[in-house]
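Chemist: Following is a predicted model, sequence given first.
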Amino acid sequence: MTQRSSYTCSMYRDEMQLLCLKRRLTEESLSADERRDLESEIEALERRMGLD
C-alpha cells in the first residue's frame, strides 16, 4: 500500500499567496520598486515551497 502525503492548510495558503503575487505582477500600473518587491516575495515563497 502506498502512503499518501498530507496536504496542509499552510500548503494551500502558500499556493494561494503565490498565485496572488504572480497575478499582481502582471498589473501594468506597478512601479519598478513594487515590481522588484513582488519578484522578491515570489522568489522567497517559491524557495520556501521548494519550487526554486
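Modeler: Everything's here; your move.
Chemist: Just the strands from this protein, written as ranges.
Modeler: Counting by DSSP state E, one finds no strands in the chain.
Chemist: Helices of that one, start to end?
Modeler: For the chain, applying DSSP state H gives helices covering 9-25, 32-49.
Chemist: Please save the CA atoms from the longest one in PDB.
Modeler: By that I understand helix 32-49. Coordinates of each C-alpha in helix 32-49 appear next as PDB, following Å, rounded to 0.1, in the frame of the first residue of the first chain:
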ATOM      1  CA  ALA A  32       9.700  49.500 -10.700                       C
ATOM      2  CA  ASP A  33      10.000  49.300  -6.900                       C
ATOM      3  CA  GLU A  34       6.700  47.500  -6.500                       C
ATOM      4  CA  ARG A  35       7.600  45.000  -9.300                       C
ATOM      5  CA  ARG A  36      11.000  44.400  -7.600                       C
ATOM      6  CA  ASP A  37       9.400  43.800  -4.200                       C
ATOM      7  CA  LEU A  38       6.800  41.400  -5.700                       C
ATOM      8  CA  GLU A  39       9.500  39.500  -7.500                       C
ATOM      9  CA  SER A  40      11.500  39.200  -4.300                       C
ATOM     10  CA  GLU A  41       8.400  38.000  -2.400                       C
ATOM     11  CA  ILE A  42       7.700  35.400  -5.100                       C
ATOM     12  CA  GLU A  43      11.300  34.100  -5.000                       C
ATOM     13  CA  ALA A  44      11.300  33.800  -1.200                       C
ATOM     14  CA  LEU A  45       7.900  32.000  -1.300                       C
ATOM     15  CA  GLU A  46       9.000  29.600  -4.000                       C
ATOM     16  CA  ARG A  47      12.200  28.800  -2.100                       C
ATOM     17  CA  ARG A  48      10.100  28.000   1.000                       C
ATOM     18  CA  MET A  49       7.800  25.800  -1.000                       C
END
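Chemist: May I see the helices of the chain organised as JSON lines, with mean neighbour count added?
Modeler: Yep, even glycine has a C-beta here, placed from its N, CA and C like the rest. Shown next, in JSON lines, are these (neighbours: other C-beta atoms under 10 Å):
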{"stretch": "helix 9-25", "mean neighbour count": "12"}
{"stretch": "helix 32-49", "mean neighbour count": "13"}
